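> Any chance you could fold what I've pasted below:
(2 chains)
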Amino acid sequence: MTLRDLRPGESGTILGFEPSAAINRLMEMGMVPGSQVHVVRLAPFGDPIDLKVRDYHLSIRKSEAALIRISRQEG
Amino acid sequence: MRVALCGNPNVGKTTLFNQLTGLRQRVANFPGVTVERKAGTLAGAPHVEVVDLPGTYSLTPRSIDERIAYEVLVGRLEKEPDVVVCVLDAGNLERNLYVVTQVIDLGLPVIVALNMMDVAEENGLAVDASALENDLGVPVVPITASRGEGIDELKKCILNPPEPAQVYRWQLMDAVDAKIPALIKRLAEEAPHVKPMHLRMEVLRALAEEEALDAWRLGAPEFVNRIEALQEEFAKRGIAWRHAEVSGRYAWIGPIAQRASRRVSGPATLSDRIDAVFTHRVAGPLCFLLILVCVFEAVFSWAIPAMDLIEAGVAALAGIVHSVLPAGWVTDLLTDGIVIGVGNVVVFLPQILLLFFFLGIMEDSGYMARSAFIMDRLMKRVGLSGGSVLPLLSSYACAIPGIMAARTLDSERDRLITIMVAPLMSCSARLPVYTLFIAAFLPTGKLLGVFGYQGLAMFSMYMMGTIMAFVAAAILKRLVFKGPASYFVMELPPYRRPRLRQLFWRMYQRSKVFAVRAGKIILGCSIALWFLASFPRTEISPEATQIEELAIQERNREYAAAQALAPGRDLTVATDSLLLVDSTLANALDLTARADAKYTAALDSANIIRQSTQIRESAIGHLGRILEPVMQPLGFDWKISAGLVSAFAAREVIVSTLGIIYSVGDAEGGVALRDALKADKYPDGRPVFTPLVAMSLLVFFVFALQCMSTLAIARRETNTWRWPMVMWLYMTVLAYLASLLVYQGGLLLGFS
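Numbering: from 1, shown residues only, chains lettered A, B, ... in the order given. From the prediction side, this is the model:
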């Protein structure tokens, strides 16, 4: 599953990425394989997403979230 | 000695810079780019220069800011700094440390300034500076820049800089690491100009970044071949080479950050609670709208009195110069050309200052990022991103702050497109023109008994400009600024209280840029336009001379009549005490006073006729007639064409030019001009202005770029004349075609 499939309030662990120009930037911002992401909320019009990564808020579009493979964290 | 400040955006770098330099700063651009180079001397140590690098998350040159930061640090743009102060947000160590590891690896002496200790503490985070110092191997100074805490310690540290720390303490994955030495050797042979210290960084970058690799294609082809072969090999073996560097750095940073900061209370910060409202599904957009309405209300209602004051002041100044200097064309040039021309710039300052003030608050508080977050979905549809919303909205007041606000955009392409379409948003300078023609030529009735036609027309002017801005953006994105798909990765920084001092300082800096840079160009154009409107000189106007002669005769006759009423009395001296007893004298004096008033009025109208003749016979008048055949299909005669030429400098000038051409004097936008426009007829009796002509002219004003200030600021912001020229051309063609469509289409549909 990808980060796009997570609903607000859910968390996951990054497994890997689909190749894309955005990936290097995302990784520099702290989203490397193994790190935790928490979906805080969607923007009022449904896109982009507000994420919590490494204790700060990062906003990315759903199209970018779909490039990030994750495993959902239960509970 | 030179110190560079480096760090992520929104970590208080600028606040620290202001603290260190005490506002002894010079703002310029880095050579060849529009990135600001802010430099100043260290307070109390004038031999130390402090340079504020653009805020970056990384030194991998992906955005223009990152490229500049990297090139300064490796000494390619200017001599490399002697010390680098990395500014960190204590509340967000992990991501902030990423760029620090990169700077350390450049082999420069590094000092870490751990900023916002106060906020971290408020949010229940205990940060241990000495643990960080031990792990990183560089001095760490805790500061709270906004309150000036820790600045002295930091200064001491800067003046006694540390030795460079050990580089590359983090682990690259073994499979990749094994291949690096050979590549370093290869690159060193092919590119001997790269300092040995930077070779490893260049290799890692070429391995991970397509563009960095391409940059070597000419200079080090064999190196590129080997990297590409290696990438293939890695791909076959299933090694994640692309992630190697970032993962390695974060693997080192993670434990360091954990040891250095400890969460002592719950995670729900005030910032999160504010966001629950500002980015709420319903409340978020509503708040955004409300804030916009308030800002525009404030900009218009606070700026307009100041603008009126400036206009009156400029007119008064011109009057004083006129009365002090001897009459002649040099004086006219001074007053009508230079004073009024500079006035045209200064008059926008109140609006620009206010907009910069509000934009500054939004930027510094962190709300700017939220507005981009809220609006991104809508802006994406036209190929822009959420960041373009505020620059474009500011352009409703004035395109200049809008264009300057586009600086906050990360993507260079989005920034250029935003600049290119911002002047299509109807700015306040178009308002007087809209008002004049809508009031003169559109019916006052109501559609469906609710919406006034005139109000609807005004609204559609704004809508037309806005829609066209989006269409133009979409077209520009497809045709002109092609390239790899952009992405949207934006930090939502914690909310912060804006610092007024810093806000006012930046307002001052930005307005100065506008007034000085734009002012020079505008002054030049104003003088040129004045010459065009004033030469060749037509000193003789038989009509005006005749009026003056008649006026003198009339006055003399009335004087004589008055004198006859009171023979032998001196009518030039009035004495109040006598008036009470001598009614004949009072009547005689009254007569002369009325004669004087009539005389002055006659002279005024002669003067206006003279100005009118002047402009008819001037270069602008001739230009108007030359343009007439081209403008005829839009329904414009030579007078409107001449008005359009004069409005090249600033749109609202057309109102006063038409005023002069129609000899109605200075009643700008007044009833006199309205009536004169309605009364004007071609020789064959057709009216010059019909509602259709007015519509065509209005549409022309919606789309045309008639504003030197905008061109001047676009030149500054894009660092080339190319984009301002393209901008002027496409908008002028657009205006022409749109007017043509309106007028010819209107004629076909049977309107007149």
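
> ok, which stretches of the chain are strands?
Unless you meant another one, I'm taking chain A. Ranges of strands within chain A are A:11-17, A:36-42, A:49-53, A:56-60, A:68-73, based on DSSP state E.

> The chain in question should be chain B.
B:2-7, B:25-29, B:36-42, B:45-52, B:83-89, B:110-115, B:125-127, B:140-142, B:261-263, B:446-447, B:451-452, B:489-492.

> Redo the ones you listed as TSV? Include distance to residue A:36.
Backbone N, C-alpha and C define where each C-beta goes, glycine included. Listed next are the strands of chain B as TSV, based on distance: least, C-beta to C-beta, whole Å:
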stretch	distance to residue A:36
strand B:2-7	24
strand B:25-29	41
strand B:36-42	36
strand B:45-52	34
strand B:83-89	20
strand B:110-115	24
strand B:125-127	18
strand B:140-142	26
strand B:261-263	14
strand B:446-447	58
strand B:451-452	54
strand B:489-492	17
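
> closest one to chain A among these?
strand B:489-492 (3.8 Å; C-beta to the nearest C-beta).

> Just the C-alpha atoms of the closest one, please, in PDB.
The C-alpha atoms that make up strand B:489-492 are tabulated as PDB, following Å, rounded to 0.1, in the frame of the first residue of the first chain:
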ATOM      1  CA  VAL B 489       6.700  19.400  -0.900                       C
ATOM      2  CA  MET B 490       6.200  22.200   1.600                       C
ATOM      3  CA  GLU B 491       6.900  22.500   5.300                       C
ATOM      4  CA  LEU B 492       4.100  23.900   7.400                       C
END
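
> That strand packs against which elements?
helix A:21-28, strand A:56-60, helix B:367-380 (3 or more C-beta pairs under 8 Å, 6 or more residues apart in numbering or on different chains; DSSP states H and E).

> Dihedrals phi and psi, residue A:33?
Backbone dihedrals for residue A:33, given as degrees, to the nearest 10, come out at phi -50, psi 130.

> Check the spacing between it and chain B real quick.
Distance of residue A:33 to chain B, computed by C-beta to the nearest C-beta, to the nearest Å: 7 Å.

> burial of that residue, as a residue count?
As a burial measure, residue A:33 scores 18 neighbours (other C-beta atoms under 10 Å in any protein chain shown).

> So in chain B, which helix runs the longest?
If you go by DSSP state H, chain B has its longest helix at helix B:283-324.

> Report the buried residues of the helix or strand of chain A with the lowest mean pLDDT.
In chain A, no helix or strand scores lower on mean pLDDT, DSSP states H and E than helix A:21-28, which sits at a mean of 87. Using 16 or more other C-beta atoms under 10 Å in any protein chain shown as the test for burial, helix A:21-28 gives A:22, A:23, A:24, A:25, A:26, A:27, A:28.

> How is chain B divided into domains?
B:2-159, B:174-239, B:542-617 (automatic domain parsing).

> Can you say which of those is packed in most?
Neighbour counts (mean count of other C-beta atoms under 10 Å in any protein chain shown) averaged over each of the domains of chain B peak at domain B:2-159, with a mean of 20.

> now that one: how far from the chain's centre is it?
In this view, domain B:2-159 has its centroid 27 Å away from the chain centroid, taken as C-alpha atoms, centre = their mean, to the nearest Å.

> rewinding a little: could you dump the strands of chain B to CSV with mean pLDDT and distance to residue B:333?
Listed next are those as CSV, based on pLDDT from 0 to 100; distance: least, C-beta to C-beta, whole Å:
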stretch, mean pLDDT, distance to residue B:333
strand B:2-7, 95, 47
strand B:25-29, 74, 33
strand B:36-42, 88, 36
strand B:45-52, 93, 43
strand B:83-89, 95, 52
strand B:110-115, 95, 54
strand B:125-127, 88, 64
strand B:140-142, 95, 59
strand B:261-263, 82, 67
strand B:446-447, 74, 49
strand B:451-452, 75, 44
strand B:489-492, 90, 51
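
> any idea how far residue B:425 is from the closest residue to chain A within the stretch 301-450 of chain B?
Residue of the stretch 301-450 of chain B nearest chain A, by C-beta to the nearest C-beta: residue B:377 (3.8 Å). Distance, residue B:377 to residue B:425, by C-beta to C-beta, to the nearest Å: 20 Å.

> Looking at those two, which has the bigger crowd around it?
residue B:425 (23 against 18).

> Once you drop chain neighbours, what's closest to that one?
The shortest distance from residue B:425 to any non-neighbouring residue, by C-beta to C-beta, 6 or more residues apart in numbering or on different chains, is to residue B:395 (3.8 Å).

> Test my guess that the one you found contacts residue B:422.
Yes: assessed by C-beta atoms under 8 Å, residue B:395 is found in contact with residue B:422 at 4.3 Å.

> how about the residues of chain A near chain B?
With C-beta under 8 Å from any C-beta of the partner chain as the criterion, chain A comes near chain B at residues A:16-17, A:19-30, A:32-35, A:41-48, A:50, A:53-61, A:64.

> ok so, going back, any chance of JSON lines for the domains of chain B, columns distance to chain A?
Converted to JSON lines, the domains of chain B look like this (distance: least, C-beta to the nearest C-beta, whole Å):
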{"stretch": "domain B:2-159", "distance to chain A": "4"}
{"stretch": "domain B:174-239", "distance to chain A": "6"}
{"stretch": "domain B:542-617", "distance to chain A": "52"}
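
> Tell me which of these lies nearest to residue B:702.
domain B:542-617 (25.7 Å; C-beta to C-beta).

> ok now that closest one, how far from the chain's centre?
Remark: domain B:542-617 is offset 53 Å from the chain centroid, using C-alpha atoms, centre = their mean.

> Pull the contacting residues for the nearest residue in space to residue A:26 that is not next to it in sequence.
Distance criterion C-beta to C-beta, 6+ apart; nearest residue to residue A:26, sequence neighbours excluded, is residue B:489 at 6.0 Å. Counting by C-beta atoms under 8 Å, 6 or more residues apart in numbering or on different chains, residue B:489 makes contact with A:22, A:25, A:26, A:29, A:58, A:59, A:60, A:64.

> mind redoing it with 7 Å?
A:22, A:25, A:26, A:29, A:60, A:64 (C-beta atoms under 7 Å, 6 or more residues apart in numbering or on different chains).

> which residues does it form a beta bridge with?
residue A:60 (DSSP bridges).

> And it, how far from residue B:454?
Taking C-beta to C-beta, one finds residue B:489 at 46 Å from residue B:454.

> what's the neighbour count on the closest residue to the residue of the stretch 301-450 of chain B closest to chain A other than its chain neighbours?
The shortest distance from residue B:377 to any non-neighbouring residue, by C-beta to C-beta, 6+ apart, is to residue A:45 (3.8 Å). Residue neighbour count, defined by other C-beta under 10 Å, stands at 15 for residue A:45.

> Read off the pLDDT value for residue A:45.
Looking at residue A:45, its pLDDT is 92.
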